[in-house]
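> this one's structure only:
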Ligand SMILES: C[S@@+](CC[C@H](N)C(=O)[O-])C[C@H]1O[C@@H](n2cnc3c(N)ncnc32)[C@H](O)[C@@H]1O
């Protein structure tokens, strides 16, 4: 790094005029001033050529000194396969960006969006796996990233992440991350931020990758004709992925991935006066995710396993959420005291659900179901009985007009059961998702 380029770290950061008071990342951590102040310093468009747009060049410093609005932050959001549309919808409704998110060229697991508001807002996204501040560099090889201006932008992005949530260490995710070039880059980032370089377990992740190939529309920008795609540096926001939930204090085998649970909650719809039932609730992932996005008039979880209910109780407490947990067989009629009666407006002709005949329909507006799969909490041999039974039980407890979402790995069984239950539930939508080597399917149903 040439001296003329300006030494990064406290001095490089000072240029923004924002961080002199805050000191180094290490000092911030000691003082507990992670802050929520947005990502402008790390998220400005990058490059050296003076272009604007997705890969524009002017720095945050320049714009702030000129009195013009702070630049937007280009953010990449990763998601589990199958959740692209749900995340897209969540970004639009939650963050209200000026332009809708776009697919990232060459990737099938990420959306890119420009944020004008605080970078910390990405923490409100529940269906994203992780958020990264994206920097693009029109350089031929990673070695150039160690030069003063480039390094300063990387350091700014690291600080932007640290202001959202503190980290004490960092690591690279890159081809050749153990090479001399990355060792040098690591030493410079450490010098500038105080963060420890821990190649294995570093909290803050810096991804370095080839830029999008020429002619593609990376990050929603215009097609580029630059022959060399350059390099992208992505700085993860926060020490852990967004999908890691602090409320998950109890491990439970077969617990649902939280971003899938959050997607299910969105697909079911969220209304403040909903009465929500979670059949086969396990450790309460669906209940917690539902209660964290908005109030509910009632929330009830049912499982026949005391261990599951203990885990759900602990997770709910950690989330500061309240729900009634009931130990019961979800295939049998639920104890009358936990089924709210239908509201007056819902009272209609009684429904017949086999063994669940009710004089009056139940009162749950939303029923979420995560039945056992594989050999974990049940056996494939019983899958037909379980799925048919739980569809009947869900309908018996549901109010007229209720919505139900079932996530299951037993796809063939479920589809057969749904055909047989056509008088109870109407299929609105299915979604194939992917998590940890499994392809469960999500069924969104409306009470028939
Ligand atoms: C796949 S797990 C649910 C995992 C849960 N979504 C979570 O995130 O922890 C299925 C659950 O169904 C419960 N279960 C199986 N058969 C049941 C039955 N007949 N009645 C009630 N619960 C049952 C199991 O105890 C297990 O907790």
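Here it is on my side, so go on. Fair warning: this is a prediction, and the values are worked out from it, not measured in the lab. Numbers count the residues shown, from 1 in each chain.
> CA only for contacts and neighbour counts going forward, please
Will do.
> if I pick residue 295, what's in contact with it?
Residues in contact with residue 295, defined by Cα atoms under 8 Å, 6 or more residues apart in numbering, are 271-273.
> go on, residue 190?
Going by Cα under 8 Å, 6+ apart, residue 190 touches 196-197.
> with the contacts of residue 295 in mind, which one is nearest to the ligand?
Using Cα to the nearest ligand atom, residue 271 is the member of the contacts of residue 295 that lies nearest the ligand, at 21.0 Å.
> The closest one belongs to a strand?
No: using DSSP: H, G, I helix; E, B strand; the rest coil, the secondary structure at residue 271 is coil, not a strand.
> excluding its backbone neighbours, what's nearest it?
Leaving out its chain neighbours, the residue that sits closest to residue 271 by Cα to Cα, 6 or more residues apart in numbering is residue 296, at 7.0 Å.
> What count of nearby residues applies to residue 381?
10 (other Cα atoms under 10 Å).
> tell me, what residue is most central in this protein?
residue 128 (2.3 Å; Cα atoms, centre = their mean).
> my read: that one touches residue 78, true?
Yes: the pair residue 128 / residue 78 is scored as a contact, 5.8 Å apart, by Cα atoms under 8 Å.
> contact partners of whichever strand or helix holds residue 90?
Taking DSSP states H and E as the criterion, residue 90 maps to helix 84-95. Helix 84-95 is contacted by residues 79, 97, 100-101, 109-111, 115, 121-122, 124-125, 127-128, 263, 266-267 when judged by Cα under 8 Å, 6+ apart.
> picking up where we left off before, so what's the backbone phi/psi at the closest residue to the residue nearest to the centre of the chain other than its chain neighbours?
Spatially, and ignoring its direct neighbours in sequence, residue 128 is nearest to residue 79 (4.9 Å; Cα to Cα, 6+ apart). In terms of degrees, to the nearest 10, the main-chain angles of residue 79 are phi -150, psi 160.
> isn't residue 79 right up against residue 109?
Yes: the criterion here is Cα under 8 Å, and residue 79 meets it with residue 109 at 5.4 Å.
> Up against the ligand, what does this structure have?
Proximity of the chain to the ligand is confined to 252, 254-256, 280-285, 303-305, 308, 328-331, 370-372, 377 under the rule Cα under 6 Å from any ligand atom.
> Among the residues you listed, name the buried ones.
Among the residues of the chain next to the ligand, those buried by neighbour count (16 or more other Cα atoms under 10 Å) are 252, 255-256, 280-285, 303-305, 308, 328-331, 370-372.
> Select from the residues you listed every entry located in strands.
The members of those that map onto strands under DSSP state E are residue 303.
> from the buried ones among the residues of the chain next to the ligand, which ones fall inside helices?
285, 308 (DSSP state H).
> For the closest residue to residue 411 other than its chain neighbours, report the pLDDT, please.
What sits nearest to residue 411 in space, not counting adjacent residues and going by Cα to Cα, 6+ apart, is residue 441, at 6.7 Å. Residue 441 carries a pLDDT score of 97 in this model.
> neighbours around residue 441, how many?
Neighbourhood size, residue 441 [other Cα under 10 Å]: 19.
> is it true that it touches residue 413?
No: contact criterion Cα under 8 Å: residue 441 and residue 413 do not qualify, at 11.6 Å.
> Can you tell me which helices and strands the lengthiest helix in the chain packs against?
Counting by DSSP H, the longest helix found in the chain is helix 148-164. Contacts defined by 3 or more Cα pairs under 8 Å, 6 or more residues apart in numbering; DSSP states H and E place helix 148-164 against helix 10-14, helix 40-43, strand 130-137, helix 180-193, strand 231-236.
> Okay, and the beta partners of residue 447?
Counting by DSSP bridges, residue 447 is bridged to residue 425.
> Which residues are in contact with it?
Residue 447 is in contact with 395, 398-404, 424-426, counting by Cα under 8 Å, 6+ apart.
> okay if I get the contacts of residue 295 as JSON lines plus neighbour count?
Output for the contacts of residue 295, formatted as JSON lines (neighbours: other Cα atoms under 10 Å):
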{"residue": "271", "neighbour count": "14"}
{"residue": "272", "neighbour count": "12"}
{"residue": "273", "neighbour count": "12"}
